[in-house]
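Visitor: Could you work out the structure for the sequence below:
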Amino acid sequence: MTSPLSAENISVSFGGNHVLSGLDLQINRRFTGLIGPNGAGKTTLFNVISGYVTPSAGSVEILGSDVTGLGQVEIARLGVGRTFQTPKLIGDLSVVENVMIGLDGRTSLLAQLSEGLISRSSARVKRARAIEVLEKFALAGVAEEEAGSLPLGSQKIVEVCRALVTEPALLLLDEPAAGLGRDDVEQLVEPLRDWVAAHDVSVVIIEHDLELVNNLCEDVAVLHLGTIISRGTPAECMSDPQVVEAYLGAGFAQRS
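Guide: Purely as a prediction, here's the structure:
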């Protein structure tokens, strides 16, 4: 079976600062957690995979196709969806319009919506698809509200819906639970788990909520100083002495 994601020997430097150094990461289906201290390079890795950053060395394959150096729109069209630490919604558009944008790429559909160029029949199809995804995450009731008026937790879930509306093969979630209360986390996690079970999709999730990682991910990779220092189940990684020293701290080991 072709791996959904294979990153080999990835290196990235900014102004002489080595953010990723010869990183190798291959994932299988379902959920993979990507954890590690702040500044470890996790979001930079997502930026490389999704075409926002071109690595100085190494290659990225999505479903067996080399996407190294391709732009973000091209990679998205090949089946990669992602979210960001801070939701990148268009605040004065409605929730459903923000999700619809995922179907055509951020720039093209936004221009069509703004200029009134999108046909009524096409708009109806896109809107119905967006509402269908919002319903799965219990957000159809706010579909016509301005996205910017929603609380942070709901905005983060809307961004997940926008990433899912195209039914991507690979979904990258960057700290989706950061700043969320337990109710918001449950509203996100259970529908997401159901979606992954029903669709042929792989999810890589950056998260500091280790309880969420433990509950959702069977596979975890720990990133530190730009490279993977541990790989395995959550229990295996969180008991790894390297991980305890670099990320969790001695107090965590004593509690475990």
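Visitor: Where do the strands of the stretch 101-250 of the chain begin and end?
Guide: 170-174, 202-206, 219-224, 227-232 (DSSP state E, counting those that start in this stretch).
Visitor: Could you save these as JSON lines and add columns showing distance to Ala246 and mean neighbour count?
Guide: Just so you know, the C-beta spots here come from the backbone N, C-alpha and C atoms, and that holds for glycine as well. Listed next are these as JSON lines, based on distance: least, CB to CB, whole Å; neighbours: other CB atoms under 10 Å:
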{"stretch": "strand 170-174", "distance to Ala246": "20", "mean neighbour count": "23"}
{"stretch": "strand 202-206", "distance to Ala246": "16", "mean neighbour count": "23"}
{"stretch": "strand 219-224", "distance to Ala246": "4", "mean neighbour count": "23"}
{"stretch": "strand 227-232", "distance to Ala246": "6", "mean neighbour count": "18"}
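Visitor: out of these, which comes closest to Asp194?
Guide: strand 202-206 (12.5 Å; CB to CB).
Visitor: who does that closest one pair up with?
Guide: Strand 202-206 has its sheet partners listed here by DSSP bridges as strand 30-35 (parallel), strand 170-174 (parallel).
Visitor: how far out from the middle of the chain is the next helix or strand after the longest one?
Guide: Past strand 30-35, heading to the C-terminal end, the next element that is a helix or strand (DSSP states H and E) is helix 42-49. For helix 42-49, the separation from the chain centroid amounts to 10 Å (computed by CA atoms, centre = their mean, to the nearest Å).
Visitor: Please export the C-alpha coordinates of helix 42-49 as PDB.
Guide: Extracted as PDB, the C-alpha positions of helix 42-49 are listed here (Å, rounded to 0.1, in the frame of the first residue of the first chain):
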ATOM      1  CA  LYS A  42       6.300  20.900  13.800                       C
ATOM      2  CA  THR A  43       4.400  23.700  12.000                       C
ATOM      3  CA  THR A  44       7.400  24.200   9.600                       C
ATOM      4  CA  LEU A  45       7.000  20.500   8.700                       C
ATOM      5  CA  PHE A  46       3.300  21.100   8.000                       C
ATOM      6  CA  ASN A  47       4.300  24.100   5.900                       C
ATOM      7  CA  VAL A  48       6.700  22.000   3.800                       C
ATOM      8  CA  ILE A  49       4.100  19.200   3.300                       C
END
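Visitor: Can you name the residues in contact with that helix?
Guide: 5, 7, 10, 12, 19-20, 23, 25, 34-36, 53-55, 60, 62, 75, 80, 82, 85, 170, 172, 174, 204, 206, 223 (CB atoms under 8 Å, 6 or more residues apart in numbering).
Visitor: How about stretch 169-179?
Guide: 4-5, 42-43, 46, 49-50, 62-63, 79-85, 152-153, 156, 160, 163-164, 184-185, 188, 200-209, 212.
Visitor: Select from the residues you listed every entry located in helices.
Guide: 42-43, 46, 49, 152-153, 156, 160, 163-164, 184-185, 188, 212 (DSSP state H).
Visitor: Show me which of these is closest to Asp92.
Guide: Closest to Asp92, out of all of the ones in helices among the contacts of stretch 169-179 and judged by CB to CB, is Leu152, at 17.2 Å.
Visitor: Look up the closest residue to the closest one, ignoring the ones flanking it.
Guide: Counting by CB to CB, 6 or more residues apart in numbering, Gly179 is the residue found nearest to Leu152 once chain neighbours are left out, at 5.4 Å.
Visitor: and the one you found, how many neighbours?
Guide: 13 (other CB atoms under 10 Å).
Visitor: Would you mind giving the strands paired with strand 202-206 as a markdown table with mean pLDDT added?
Guide: Output for those, formatted as a markdown table (pLDDT from 0 to 100):
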| stretch | mean pLDDT |
| --- | --- |
| strand 30-35 | 95 |
| strand 170-174 | 96 |
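Visitor: Rebuild the ones you listed as a markdown table, extending it with distance to Glu97.
Guide: Below are the strands paired with strand 202-206 laid out as a markdown table (distance: least, CB to CB, whole Å):
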| stretch | distance to Glu97 |
| --- | --- |
| strand 30-35 | 29 |
| strand 170-174 | 21 |
